[in-house]
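**Q** okay, here's the prediction I keep looking at, along with the sequence it came from:
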Amino acid sequence: MTTPAPYRVVTRTVEAPDVATLVLEPAGDPLPPFSPGQFAMLYAFGVGDIPVSVCAVDGHRLTHTIRAVGAVSSALHGSRTGGTVGVRGPFGTGWGLDHAAGRDLLVIAGGIGLAPLRPVVLAALAAPERHGRLNVLVGARVPGDLLYASETDAWRERGARVLVTVDRPDARWNGDVGVVTTLLGRAAFTPSDTTAFVCGPEVMIRATARDLVDRGLDADRVRVSLERTMHCGVGHCGHCQLGPLLLCRDGPVVTWAEARSLLRVREL
Amino acid sequence: MTDRDTTTAVIGKDGVDALISVLAGRGRTVVGPTVRDGAIVLAELTRGDELPYGWGVELEAGHYRLRAREDGAAFANSAGPNSWKTFLHPQRERQWTAERRTGSGDDTDTDSREAWVVVPDETPSRSYAFLGVRPCDLRAIAIQDRVLTGGPYADRAYRGRRERAFLVVVECTEPGATCFCVSMGAGPGVDGGSDASYDLALTEVVDAAGHRFHVRAGSAEGAAVLAELPHRPADDTTAAAARERVAAAAGRMGRTMPEVDLRALMRDSLGAERWNDVAARCLTCGNCTMVCPTCFCTSAEDVTDLTGDHTERWRRWESCFDLEFTHLPGGTVRSSSSSRYRQWCTHKLGTWHDQFGSSGCVGCGRCVVWCPVGIDITEEAHALADERAAGEGGTS
């Protein structure tokens, strides 16, 4: 078992009432570079560690967006600037943006699922010549849950089609209301020549992937990031099994062609 | 796999006594079967007479009893409640320690207050000698080797113990009523396709010519150890008697798996009704996972002292039958008993192939014996095969 490498919290940005983004810098030797879609096991001193996908990689700096839901995520979420967080990784499969070269891109996120997809958006924006049209479709429960609100306008300005919807609008919301798949009709893509990247709650992933396949996307070109309990990150603890897959090793990003039949089985 | 030396010999009970002392003299902790608390368990041995000479076992689903044997054999008994994973992949193990740096002691100095260092647990591996590894358990060790050291992230502590371990296999001449190693291709002889290397392989023979052990060395160290024991050259009669007993054992398996591709059966059975039938009996106690020689799942636990400045990461055995095993913020993935038994069974016989390149079952029968309600994986596999066949018949 590798031990966590200490990383210093450089900045902490509040994204939503229970969500914060931490920028981390190695306090000692840096870990090998992370690819978008891969995850780290983030360790809070004395509390434990949890898998968290990277949401930006900048040299040796790592960025992670964390929602406080359990003991470890609450401790990480509460980290202060100057504090230390342990990092193990990089683990798992990446989004494989390189395989989408030349095609239209559909980045579809539900809630905190935008965090693992953010590096796909940033990489696509940085090299627009390498792919077709970039669509970013975002759904959230309430407007206050929308992540990276300050960035999405910049994504639009740089050429991305960014569409946002919420389940429960508040008085100030004048945008779309409904599930994220309702935005697909307004996205700019040629189904036969598109790669989709999907992350969010499992129910949202299923609905979205089914819709995309119905619209003519090849199930191999619908890439989804799945979530299961993980204790080790290195394929030894057994918690993250999904049928034949060890999601820490064979995932978290898998194609819908692989995931479809597995997610169809209840409680697999 | 190491080249197997072809050295063979015959030793007596005095040779086994000497084997324990020679291995101990080489700095090894010798572990083998011994009678304790009404069962044959694996424990540290210092003398040959601690072996279960004259003890056999009576096994059935949910049933284990010792019974005296007339012939005085030590190894004419099949798997007990524990397996070698107890030693190679222990139930609880510290993985690292972390200390908060006290720094300048100035509480306003956030950096120094928040910093900590991690110290990996580098406790030197114990050097074990395992005496009495059954071929099914030798296979189980090979399976755990692939899980814990076969991927890109080797478990260093496991590997350390594994590389130092001296393995004395004892071939099986007395299968239990719950054994099915033949179905799994894992026994009863050591050449039955087993894929972990051993140092010495013994076959116990008790007949009119006496109580003796046919020995084969499987490594250079095995041959060196054998040379230090009181031994005589292997004679044809003993060699033939040993072969005959192992061959006879193969014909006396108490259980069999259905003669189908079990991996495909599991894949085809995810929606089987049979899981609900098992769930009506299964207590989800996890005994099967604890006694299984290949079940490897663990959970991480962090323990902090009262000052909060010293914390330790421990890893402990975990069971896929535990509700917390698949806990996610949105709820537990496998909440029904049927889904948890299905996970264990389909993993063991099916998806283990996808994950680690072989079956996860060796046919030792421990899960059958130690299930408090006597759920029998072979019976369940037969029922699943029957259900599939009936379904195919119904749709044709």
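**A** Great, that's in hand.

**Q** for stretch B:46-55, buried residues please.
**A** For stretch B:46-55, the neighbour count (16 or more other C-beta atoms under 10 Å in any protein chain shown) marks B:48, B:50-53, B:55 as buried. (Glycine included, C-beta is placed from N, CA and C.)

**Q** show only the entries of those residues found in strands.
**A** Judged by DSSP state E, the buried residues of stretch B:46-55 include residue B:55 as members of strands.

**Q** can I get the buried residues of stretch B:46-55 in TSV with distance to chain A and pLDDT?
**A** Below are the buried residues of stretch B:46-55 laid out as TSV (distance: C-beta to the nearest C-beta, whole Å; pLDDT from 0 to 100):
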residue	distance to chain A	pLDDT
B:48	37	97
B:50	34	98
B:51	33	98
B:52	33	98
B:53	38	98
B:55	35	98
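
**Q** what's the domain layout of chain B?
**A** Domains of chain B are assigned by automatic domain parsing as B:8-95+B:125-250, B:262-395.

**Q** re the thing from before, and which of the buried residues of stretch B:46-55 is nearest residue B:34?
**A** Lowest distance from residue B:34 to those (C-beta to C-beta) belongs to residue B:50, with 4.7 Å.

**Q** where in the chain is pLDDT low?
**A** Since no chain was named, I'll use chain A. A:1 (pLDDT under 70).

**Q** could you do chain B instead?
**A** Short version for chain B, where the test is pLDDT under 70: B:1-6, B:102-113, B:192-194, B:394-396.

**Q** of all residues in it, which one is nearest the centre?
**A** Centroid-nearest residue in chain B, with C-alpha atoms, centre = their mean: residue B:293, separated by 2.5 Å.

**Q** who's in contact with that one?
**A** Residue B:293 makes contact with B:79, B:83-85, B:136-137, B:140-141, B:144, B:362, B:364, B:366, according to C-beta atoms under 8 Å, 6 or more residues apart in numbering or on different chains.

**Q** would CSV of these with neighbour count and secondary structure be doable?
**A** Formatted as CSV, the contacts of residue B:293 follow (neighbours: other C-beta atoms under 10 Å in any protein chain shown; DSSP: H, G, I helix; E, B strand; the rest coil):
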residue, neighbour count, secondary structure
B:79, 31, coil
B:83, 27, coil
B:84, 23, coil
B:85, 24, helix
B:136, 29, helix
B:137, 30, helix
B:140, 30, helix
B:141, 26, helix
B:144, 26, helix
B:362, 31, coil
B:364, 31, coil
B:366, 30, helix
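
**Q** which residue packs closest to residue 65, ignoring adjacent ones?
**A** With no chain named, the answer covers chain A. Distance criterion C-beta to C-beta, 6 or more residues apart in numbering or on different chains; nearest residue to residue A:65, sequence neighbours excluded, is residue A:115 at 3.8 Å.

**Q** can you look at chain B instead?
**A** residue B:58 (4.4 Å).

**Q** can you tell me the SS state at that neighbour?
**A** What DSSP: H, G, I helix; E, B strand; the rest coil gives for residue B:58 is strand.

**Q** ok, residue A:153 next?
**A** With three-state DSSP as the basis, residue A:153 sits in helix.

**Q** which parts of chain A are helices?
**A** Under the criterion DSSP state H, helices of chain A are mapped to A:71-77, A:114-126, A:149-157, A:202-214, A:247-250, A:256-263.

**Q** please convert the ones you listed to JSON lines, extending it with mean neighbour count.
**A** Listed next are those as JSON lines, based on neighbours: other C-beta atoms under 10 Å in any protein chain shown:
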{"stretch": "helix A:71-77", "mean neighbour count": "19"}
{"stretch": "helix A:114-126", "mean neighbour count": "22"}
{"stretch": "helix A:149-157", "mean neighbour count": "13"}
{"stretch": "helix A:202-214", "mean neighbour count": "19"}
{"stretch": "helix A:247-250", "mean neighbour count": "23"}
{"stretch": "helix A:256-263", "mean neighbour count": "18"}
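
**Q** which among those is found nearest to residue B:325?
**A** Between residue B:325 and the helices of chain A, the tightest spacing by C-beta to C-beta is seen for helix A:247-250, at 13.9 Å.

**Q** need the contact list for residue A:102.
**A** By C-beta under 8 Å, 6+ apart, the contact list for residue A:102 reads A:130-132, A:193.

**Q** one step back: how about the residue nearest to the centre of chain B, phi and psi?
**A** phi -70, psi -10 (degrees, to the nearest 10).

**Q** got the residues of the stretch 1-150 of chain A near chain B?
**A** Contact residues (C-beta under 8 Å from any C-beta of the partner chain) of the stretch 1-150 of chain A with chain B: A:1-4, A:6, A:27, A:45-49, A:69-70, A:80, A:82-84, A:86.

**Q** again with the stretch 151-268 of chain A
**A** So far as C-beta under 8 Å from any C-beta goes, the stretch 151-268 of chain A lies against chain B at A:201-202, A:227-229, A:231-232, A:234-239, A:241, A:243-246, A:249, A:265-268.

**Q** which among those count as buried?
**A** A:201-202, A:227-229, A:231-232, A:234-239, A:241, A:243-246, A:249, A:268.

**Q** one step back: with neighbour count added, can I get the contacts of residue A:102 in a markdown table?
**A** Converted to a markdown table, the contacts of residue A:102 look like this (neighbours: other C-beta under 10 Å):
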| residue | neighbour count |
| --- | --- |
| A:130 | 15 |
| A:131 | 18 |
| A:132 | 19 |
| A:193 | 14 |
